[in-house]
Each structure stands twice: as C-alpha cells, then as structure tokens.
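Engineer: Need a 3D model of the following:
(one chain, ligands or ions: 1)
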Amino acid sequence: MGSASLNHETFRELTGVLLDPDSTPGDTFTAANRLHVLLDEATRISAADDAKEPTHLPTGTALSPVDAGRCLLDLARTRAYLLGLTAAIEDLRTRCGDRPVHVLYAGCGPFATLALPLTTRFAPDTLRFTLLDVHAASIQSVQRLVDQLELAPYVQHMVQADAAAWTAPANPVVDILLVETMQRALTNEPQVAVTRNLLRQLSDDTVLVPARITLRACLANPSAEVDPADPRRDRVELGTLFELSAATARAADAFKPTTVTLPRAPAAGEHLVIATAVEVHGNHALGDYDSGITFPHIVTDTPPLEAGIRLAFTYDQNLPGLRVDRAHTA
Ligand SMILES: C[S@@+](CC[C@H](N)C(=O)[O-])C[C@H]1O[C@@H](n2cnc3c(N)ncnc32)[C@H](O)[C@@H]1O
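Structural biologist: All right, here's what the predicted structure looks like:
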C-alpha cells in the first residue's frame, strides 16, 4: 500500500481507508501510520525547532504541533470524528443550497487531520474550511499540505490565534463548528473555553461537532475493568457532572456545581473516576477506553472519600477541569 511520497493518489488511497466505515482495524492501523509518516515527511514538522513544545494559554495548554500531529494515530477518535463530520456536512448540504458548507475547525494541528481527508469526498464548491490553531508551526505545516495537494479552493481562511479569545468574522456564515482541543475529563486543553468563545459568536443553528461531551463520576477499579471476568469490575455510578453541548456552551450558568453522594468508601483498588463520553454526530460516538480522550480519569485531589460524604464538582474552564470539594449541607 502507498508510494514513496505524499501525492493526490496516496492521500486519496490512505484517507479512503480511514473514511470507509467497513475498514478493518488492521487496515486502518496500517493506513493511519503510513499517512502519518508521509504527512510528517511532507511538512517536516517533527524536525522543526518550534514544534516540540506545548503552549500554556490562560484557559489551558495547547499540545505541541508534533504531539498534535500524533493524534491522527488515536484511530477510533480519528475515524469517529471523520465519519461524524462527513455525516454533519451531508446533513447540511440541503440547508446550504448552492453555497459550500463552511466548517470552522479550531485546533487543526499540523495536518488538519479532521478536515483535509474530507476533500477526497466533497468538491470545493460544496465544502470550505477555516483552519485555526494557536501554533504558527502548525499553520505553516497545513499551508504546505494545502499547496502540495492543491487544496487551496477548499480553504476560506487560515488563522494563527488563541481560539478561546479570537473574534470570528461575521462572514461567511459558519455552518459547523468543529473543536478538537480536548483531553480526557476535559482536563488540560481548552475545549470548553474554545467552544464557548466561538459558538457564542455564531448563529443559533450552527452545528457543533462534537455534539455532546459528557463527564460522569463513578467508583471504579480500573485494573479490574480490563478483565471482563473480574467480579470487581462493576462500577458504582454516581451521576453526570458536566456536559458540553451547544446548549450549555451558550448558557450563562454552565458552571454550577453538581453534588453527588458517595454511598460507600472506595474498596481496595477502587478510585473516584471521571468517565468521558463523546457524541461526535449522529451515531458516531466514543466511550470508555475507545480513545485517549475517553480514557477513565482517576481523581486524586479530593476530600477524604468516606461513606456518605457529599461531593461538589464544579467545572473550572481556567483550570481547566473539574474541581472537587466537600459539599456544604443545604
Ligand atoms: C489534541 S490536538 C488535535 C489536533 C487535530 N485537531 C486532530 O484532531 O488531530 C489539539 C490542537 O489544538 C490546538 N489548540 C489547543 N488550544 C488552542 C487554542 N486555544 N487556540 C487554538 N488552537 C488551540 C493545539 O495547538 C493542537 O494543535
């Protein structure tokens, strides 16, 4: 499979595997790794001096361009987003009539991994991207790919800016806001601040991708969960803590604390865990262990976890992440 350098044919062939819902895990693995090598060679991103360090922003840390490029290899994630975004674009084609569907992609990284593959499925008069990243090295890298693969007709704008503070131009209208600046449990990266800043500037019918990110608390024994036969793998579900959707991104009171009661102290090997679920679009979704972004997150900074304690979880978008405190009695 593939040839020595990145050209239209290899790009179409390899992205075709990622975009085919029937591709086997083995074929997907081979195609994604081959594509990553070719994209890296074409952009020379891993050799760039300014591509290895993350950037600390007021609302979280932006992954370095080299690490952002490696996100392509988080296979279930990449496929769920590519297939979900394809479905969202198809849903909007009728609404948009003769004009292209315009996708604002915040956090595009050095390869615009969730955007450029879709140029093999849609003609430029039906699809446009605005590509945004805080790292200059990533924007330069995407520009190289756009030039090499002759994809300029698909690009509305390329912007280097902090998406949590950037002001979107009023025109052209954004139809889909795609944000992939997240890690598990919505920690570290500024997904919430970016989504809120951008969506609140856009019209009410803008489609948000991913449509919903849900954080739930539970007591879980992560080492038992890897064995389907282990009787200690049953979780104690404690409830939903936070949800990021178009509705909550627009809400003024999105950061109210949520209180849960611990029915018992954790057993040996058990932890207070935040589970992350991502609904990308339609039935394209990611759950526990599917991806790095939905891996269970063990919470360590808590009050003592005694039976009956009431815990208040508050999402803090400047942390970013959930804070856990002892709830004040009502
Ligand atoms: C997890 S990587 C994902 C890369 C790519 N979207 C993908 O899915 O493969 C997150 C990207 O978002 C960018 N990013 C994070 N916070 C940002 C912000 N506030 N403004 C602009 N870009 C940001 C990082 O520089 C990085 O390229």
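Engineer: Can you name the residues that contact the closest residue to the ligand within the stretch 201-330 of the chain?
Structural biologist: Proximity of the stretch 201-330 of the chain to the ligand (CB to the nearest ligand atom) peaks at Ile293, 7.8 Å away. The way it works is simple: take the backbone N, C-alpha and C, and place the C-beta from them, glycine included. Going by CB atoms under 8 Å, 6 or more residues apart in numbering, Ile293 touches Asp74, Arg77, Met182, Gln183, Arg184, Thr276, Val278, Leu286.
Engineer: Which pLDDT value belongs to the closest residue in space to Thr126 that isn't next to it in sequence?
Structural biologist: On the basis of CB to CB, 6 or more residues apart in numbering, the spatially nearest residue to Thr126 that is not a chain neighbour turns out to be Pro100, at 5.4 Å. At Pro100, the pLDDT value in this model is 97.
Engineer: My read is that Pro100 contacts Thr119, right?
Structural biologist: No. Between Pro100 and Thr119 no contact is recorded; they are 11.7 Å apart, counting by CB atoms under 8 Å.
Engineer: And the residue of the chain found nearest the ligand, what's its pLDDT?
Structural biologist: Using CB to the nearest ligand atom, the closest approach of the chain to the ligand is made by Gly107 at 2.6 Å. Reading off the confidence values, Gly107 has pLDDT 98.
Engineer: list the contacts for it?
Structural biologist: By CB under 8 Å, 6+ apart, the neighbours of Gly107 are Ala62, Ala68, Leu132, Asp133, Ala163, Val179, Glu180, Thr181, Glu189, Val194.
Engineer: again, 6 Å this time
Structural biologist: Glu180, Thr181 (CB atoms under 6 Å, 6 or more residues apart in numbering).
Engineer: begin at 647 from here
Structural biologist: From this message on, residue numbering opens at 647, which makes the last subject Gly753.
Engineer: State whether His974 is indeed within a strand.
Structural biologist: No. Secondary structure of His974 (DSSP: H, G, I helix; E, B strand; the rest coil): coil, not part of a strand.
Engineer: Torsion angles phi and psi at the nearest residue to it once chain neighbours are set aside?
Structural biologist: Nearest residue to His974 in three dimensions, chain neighbours excluded: Ala958, at 7.7 Å (CB to CB, 6+ apart). Main-chain torsions, Ala958, degrees, to the nearest 10: phi -110, psi 120.
Engineer: hey, what's Ala958 bridged with?
Structural biologist: Thr905, Asp971 (DSSP bridges).
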